[in-house]
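In: Requesting a structural model of the entry that follows:
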Amino acid sequence: MSIASEEIFGPVLCVQHFSTESEALALANETQYGLAATVWTRDLGRARRMARGIRAGDISICSGGAEAQDALWMLGREPQKASGFGSEFGRQGLEAYSTLKVVTFSGS
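Out: Numbers count the residues shown, from 1 in each chain. Alright, predicted model coming up:
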């Protein structure tokens, strides 16, 4: 389905059935894009395994409880695959807009 493989911007929900974590990872990584992903689980061990395996620049974990605010905005994130180039936010994002230059003076 194109909704599962294309980058869609808008209020869209695509639900797919899977039986194992490895099958879920395969579905998540099947797209050529990798801007963001969300893992919904109450099992924090599973959440960590999925976050390590998903190829995306921004991964949110939703555990069904009171979710934390986006407190990590100061950390850089880098889109994966065809979702873009360069880092966003944080130090890495600022460095993407910077160019280091060395200027040496000798004499007077």
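In: Could you report the pLDDT at the nearest residue to Glu30 once chain neighbours are set aside?
Out: Distance criterion CB to CB, 6 or more residues apart in numbering; nearest residue to Glu30, sequence neighbours excluded, is Ser5 at 6.7 Å. No exception for glycine: its C-beta is placed from N, CA and C like everyone else's. On pLDDT, Ser5 comes in at 70.
In: show me the contacts for Ser5.
Out: Counting by CB atoms under 8 Å, 6 or more residues apart in numbering, Ser5 touches Glu30, Thr31, Gln32.
In: what about the first one, neighbour count?
Out: So the one you mean is Glu30. Neighbourhood size, Glu30 [other CB atoms under 10 Å]: 10.
In: Against Val39, how distant is it?
Out: In this view, Glu30 and Val39 are 16 Å apart by CB to CB, to the nearest Å.
In: before we move on, what about Ala51?
Out: Counting by CB to CB, the gap from Ala51 to Val39 is 6 Å.
In: joint contacts of the two?
Out: Shared contacts of Ala51 and Val39 (CB under 8 Å, 6+ apart): Ile59, Ile61.
In: Now do stretch 99-108, average pLDDT.
Out: For stretch 99-108, mean pLDDT is 67.
In: Wait, Arg49 touches Glu21, no?
Out: Yes - using CB atoms under 8 Å, Arg49 is in contact with Glu21, at 6.5 Å.
In: per-residue confidence for Gly90?
Out: Looking at Gly90, its pLDDT is 58.
In: Thr20 too?
Out: 95.
In: Report the secondary structure state of Ala37.
Out: At Ala37 the chain is in strand, as set by DSSP: H, G, I helix; E, B strand; the rest coil.
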